[in-house]
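*Asks:* quick one, structure for this:
(one chain, ligands or ions: 1)
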Amino acid sequence: MLVEKNVPLQHCNSFGIAARAHTLVRVRGEDDIRDFLAHPLWGRQPAFVLGGGSNVVLTGDVEPVVLKMEISGMRLLHETERHWIVEAGAGERWHDLVAWTLAQGYAGLENMALIPGTVGAAPVQNIGAYGLELQDRFDSLDAVDLASGELFTLGAAQCAFGYRDSVFKHAPAERNAVMRARVAGRPPRGLGLAGRAVITRVRLALPKDWKPDLGYLDLQRKQTEAGIKSPTARQIFDWVCAIRRAKLPDPEKIGNAGSFFKNPTVTPEQCSDIIAREPKIVHYPMDDGTVKLAAGWLIDACGWKGKTMGRAGVYDKQALVLVNRGNRHSLDGSVTGGEVMTLAQAIQTSVYERFGIRLEPEPVVV
Ligand code: EPU
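*Replies:* Below is the predicted model:
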């Protein structure tokens with residue numbers, strides 16, 4: 001187990017915020033987590049799990065012990081009649097896994113190309129883009145219980161995936177329920193696992209009878225431009241990369257955490273009400289009867305696109321993305337977590353005042 005003190009985190013978070021970890025443990029395998037938990041001093045401290053740092057806002061130095069996930073490896077585990085089952089270590093970059101699976105001839109992740117972050121973070125917020133979410137390709141995952149050090153496996157139902165949501169985003173239920181689960185010898189199923197478990201490996205089921213998913217308007221445009229009737233997974237991968245590069249800032253140059261707010265859902269009645277006042281509002285009816293509104297449109301309509309407050313700003317090509325207008329590589333010239341949150345709150349207030357809708361931040365604020 002590698003323990004480091006006073007570690008700069010500026011290059012471990014995609015905003016480029018210059019915070020430090022008081023203590024950082026590099027996790028290269030499940031044993032590192034067990035060694036950490038068994039350690040007489042560190043084992044009793046609260047822990048914070050850091051993957052690629054692409055979905056966090058650090059508002060100061062991190063006091064809990066940072067478990068930096070660096071478990072590597074990508075392999076074909078086995079195949080079933082209908083799927084290739086691929087397994088990857090939590091520390092692999094998500095995009096590298098997408099590219100690797102395609103290079104091996106397993107299609108199915110191409111719509112989720114270029115999503116920043118690690119494989120281990122992907123199930124936490126059920127990442128998604130261009131009509132596909134992680135849950136559509138999910139098989140199972142391994143995680144370590146931070147209380148007992150035990151390794152357990154969860155299937156899709158136990159992960160309770162939702163829109164940018166899973167069991168890993170919710171606080172644990174009361175202790176008794178956790179204890180009952182443990183006494184019964186099963187993982188604490190159905191309970192919130194935020195701060196309680198670390199994902200170590202993820203397995204995906206990639207379909208052998210793959211079909212392109214081109215439901216998303218931007219992809220249809222690319223298809224028309226290219227004049228290709230039946231694109232390959234590789235072509236879709238290239239289109240998704242091109243769309244994302246045109247619309248989203250490269251975090252290596254302009255620090256950001258992807259979409260800063262979730263797209264809010266409202267009831268059909270609330271939606272008709274808003275449409276009566278704002279006929280142009282971008283909205284998508286969902287399968288469950290609710291209506292999803294484009295948060296980027298709401299923020300844009302309030303005039304925020306391209307605006308700056310302190311060293312935090314709203315990206316000029318996509319209002320849903322907050323960016324670092326300082327120097328993301330400089331210690332004292334970079335944006336602070338406080339500046340990001342001040343801007344986020346100002347946006348939330350103006351969207352609420354105009355539309356009566358509360359925007360919910362997507363990244364984890366530490
Ligand atoms: N829009 C505006 N102004 C803006 C931004 C967007 O009017 O400044 C309008 C667009 O014209 C479009 C609609 O809002 O009609 C939706 O925008 P877009 O297609 O860019 O997608 P999004 O809803 O903003 C979501 C995900 C992205 C994902 C894309 C593509 C969320 C919160 N965001 O963005 O995910 O890449 O769809 O599937 O669900 C992320 O989670 O970090 C992320 C980047």
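
*Asks:* strands of the stretch 151-300 of the chain, residue ranges please.
*Replies:* With strands called from DSSP state E, counting those that start in this stretch, the stretch 151-300 of the chain shows them at 151-155, 197-207, 256-259, 265-266, 283-285, 291-293.

*Asks:* which single residue of the stretch 1-150 of the chain approaches the ligand most closely?
*Replies:* Ala129 (3.7 Å; C-beta to the nearest ligand atom). C-beta: built from backbone N, CA, C; applies to glycine.

*Asks:* identify the residue nearest that residue in space, chain neighbours excluded?
*Replies:* Closest residue to Ala129 apart from its sequence neighbours, by C-beta to C-beta, 6 or more residues apart in numbering: Met112 at 5.4 Å.

*Asks:* quick one: pLDDT of the one you found?
*Replies:* You'll see Met112 listed with a pLDDT of 98.

*Asks:* next one: phi and psi at Trp100?
*Replies:* phi -60, psi -50 (degrees, to the nearest 10).

*Asks:* how far away is it from Gly73?
*Replies:* 11 Å (C-beta to C-beta, to the nearest Å).

*Asks:* how about Ser140?
*Replies:* The gap separating Ser140 from Gly73 is 16 Å, by C-beta to C-beta.

*Asks:* again with Gly29
*Replies:* Taking C-beta to C-beta, one finds Gly29 at 10 Å from Gly73.

*Asks:* those two: which is more packed in?
*Replies:* Gly29 (16 against 13; other C-beta atoms under 10 Å).

*Asks:* just checking, the more buried one touches Ile71?
*Replies:* Yes - here Gly29 reaches Ile71: they are 6.1 Å apart, a contact under C-beta atoms under 8 Å.

*Asks:* between these two, which contacts overlap?
*Replies:* Counting by C-beta atoms under 8 Å, 6 or more residues apart in numbering, no residue touches both Gly29 and Ile71.

*Asks:* ok, Cys47 - contacts?
*Replies:* Actually, residue 47 is Ala rather than Cys. So Ala47 contacts Phe36, Pro64, Val65, Val66, Leu67, Leu146, Gly195, Val198 (C-beta under 8 Å, 6+ apart).

*Asks:* one more time with 10 Å, if that's ok
*Replies:* Taking C-beta atoms under 10 Å, 6 or more residues apart in numbering as the criterion, Ala47 is in contact with 23, 25, 33, 36-37, 64-67, 146, 195-196, 198.

*Asks:* gap between stretch 25-40 and the chain center?
*Replies:* Averaging C-alpha positions (C-alpha atoms, centre = their mean, to the nearest Å) puts stretch 25-40 24 Å from its chain's average.

*Asks:* how about that stretch: buried residues?
*Replies:* Buried residues in stretch 25-40, defined by neighbour count with 16 or more other C-beta atoms under 10 Å: Val25, Arg26, Val27, Arg28, Gly29, Glu30, Asp32, Ile33, Arg34, Asp35, Phe36, Leu37.

*Asks:* residues shared between the contacts of Trp100 and Gly73?
*Replies:* Taking C-beta under 10 Å, 6+ apart as the contact definition, Trp100 and Gly73 share the neighbouring residues Ala88, Glu92.

*Asks:* how about the nearest residue to Ala38, chain neighbours excluded?
*Replies:* In space, Ala38 is closest to Gly149, 7.0 Å off (C-beta to C-beta, 6+ apart).

*Asks:* is it true that the one you found touches Ala143?
*Replies:* No - using C-beta atoms under 10 Å, Gly149 makes no contact with Ala143, being 11.5 Å away.

*Asks:* pick out whichever of the two has more residues nearby.
*Replies:* With neighbours defined as other C-beta under 10 Å, Gly149 and Ala143 compare such that Ala143 has more, 26 against 16.

*Asks:* quick check, that one in contact with Ala90.
*Replies:* Yes - counting by C-beta under 10 Å, Ala90 is a contact partner of Ala143 at 8.9 Å.

*Asks:* near the ligand, which residues of the stretch 251-366 of the chain show up?
*Replies:* 258-259, 262-263, 282, 294, 296-297, 300, 305, 318-320, 362 (C-beta under 6 Å from any ligand atom).

*Asks:* pull out the buried members of those.
*Replies:* Buried residues within those, counting neighbours by 16+ other C-beta under 10 Å: 258-259, 262-263, 294, 296-297, 300, 305, 318-320, 362.

*Asks:* need these in CSV (columns: pLDDT).
*Replies:* Converted to CSV, those look like this (pLDDT from 0 to 100):
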residue, pLDDT
Gly258, 95
Ser259, 96
Lys262, 95
Asn263, 96
Ala294, 96
Gly296, 97
Trp297, 96
Asp300, 97
Lys305, 98
Gln318, 96
Ala319, 98
Leu320, 98
Glu362, 93
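
*Asks:* among these, which lie within helices?
*Replies:* Members of those lying in helices (criterion: DSSP state H): Gly296, Trp297, Asp300.

*Asks:* where do the contact lists of Gly149 and Ala143 overlap?
*Replies:* Counting by C-beta under 10 Å, 6+ apart, the residues touching both Gly149 and Ala143 are Glu30, Ile33.

*Asks:* ok, Ile115 - contacts?
*Replies:* Per C-beta under 10 Å, 6+ apart, neighbours of Ile115: 52, 54, 93-95, 98, 109, 121-122, 127-130, 134, 240, 244, 248, 258.

*Asks:* buried only: go through those for me.
*Replies:* The neighbour-count criterion (16+ other C-beta under 10 Å) marks 52, 54, 93-95, 98, 109, 121-122, 127-130, 134, 240, 244, 248, 258 among the contacts of Ile115 as buried.
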